[in-house]
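Peer 1: Sharing a model prediction with you, sequence too.
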Amino acid sequence: MRIEGYVILSADGMLADASGIMPPELKFEADQRFFESALDAADLIVHGRNSFEDQPRSPDRTRIVLTRTVPGLARDPANPRATLWNPAGASFENACRESGVTTGTAAIIGGPVVFEMFMDRFDTFWLSQAHNLTIPGGMGGFLEVPSRSPQEILASHGLKADGVRVLDAERRVDVTAWRRS
């Protein structure tokens, strides 16, 4: 299974405000289009219980939701396309088998604890950044933010920046592909 990560962060590396909510100022139409297109191409979406992509086709996507509410694996009673996974009780590979997806691309969409679990397994991490926006006192996109920058964190896990794509020049939003060499 190919593993790709996706996140948009503020210039100071934040994913959410102090209350843990992604502020509307961090949502940009061009990035949302990029994100939705990537999720449409993915075979499996993986996220924590507080993360959700909030896209029109979200209910159609097969997903694994990390949670501590089950001992290992369980079907989500609220969503027939979702598998609940407690990493303390089952491996990622077992969660994939339970979800019915064992090949293709898994899109890891967060949050910080989920990203940390896959840091040494990402084939590519797509880091979108809004360079004109800061979120003082916010929640970092990775566990080590703000003591380390997102770029330092990705590099420390063997990923290398491999091209920047401008998504919104006026608002200074871009996405960098960080790839495992």
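Peer 2: Arrived safely, thanks for sending.

Peer 1: all contacts plus neighbour counts: C-alpha atoms, from now on.
Peer 2: Noted.

Peer 1: quick one: what helix or strand has Y6 in it?
Peer 2: strand 2-10 (DSSP states H and E).

Peer 1: Partner strands of that strand and their direction?
Peer 2: Here strand 2-10 has these sheet partners by DSSP bridges: strand 105-108 (parallel), strand 124-130 (parallel).

Peer 1: Among those, single out whichever gets nearest to R68.
Peer 2: Judged by Cα to Cα, the one of the strands paired with strand 2-10 that comes nearest to R68 is strand 105-108, at 17.8 Å.

Peer 1: Could you list every helix and strand in contact with the helix or strand immediately after that closest one in the chain?
Peer 2: Using DSSP H and E, the helix or strand that follows strand 105-108 towards the C-terminus is helix 112-118. Under the contact criterion of 3 or more Cα pairs under 8 Å, 6 or more residues apart in numbering; DSSP states H and E, helix 112-118 touches strand 44-48.

Peer 1: The strand it packs on: partners in the sheet, and parallel or antiparallel?
Peer 2: Assessed with DSSP bridges, strand 44-48 is paired to strand 63-66 (parallel), strand 105-108 (parallel).

Peer 1: Format the CA atom coordinates belonging to that strand as PDB.
Peer 2: What follows is strand 44-48, C-alpha atoms only, in PDB (Å, rounded to 0.1, in the frame of the first residue of the first chain):
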ATOM      1  CA  LEU A  44      -8.500   4.500   1.500                       C
ATOM      2  CA  ILE A  45      -8.700   7.500   3.800                       C
ATOM      3  CA  VAL A  46      -7.200   7.300   7.300                       C
ATOM      4  CA  HIS A  47      -7.800   9.900  10.000                       C
ATOM      5  CA  GLY A  48      -8.400  10.400  13.700                       C
END
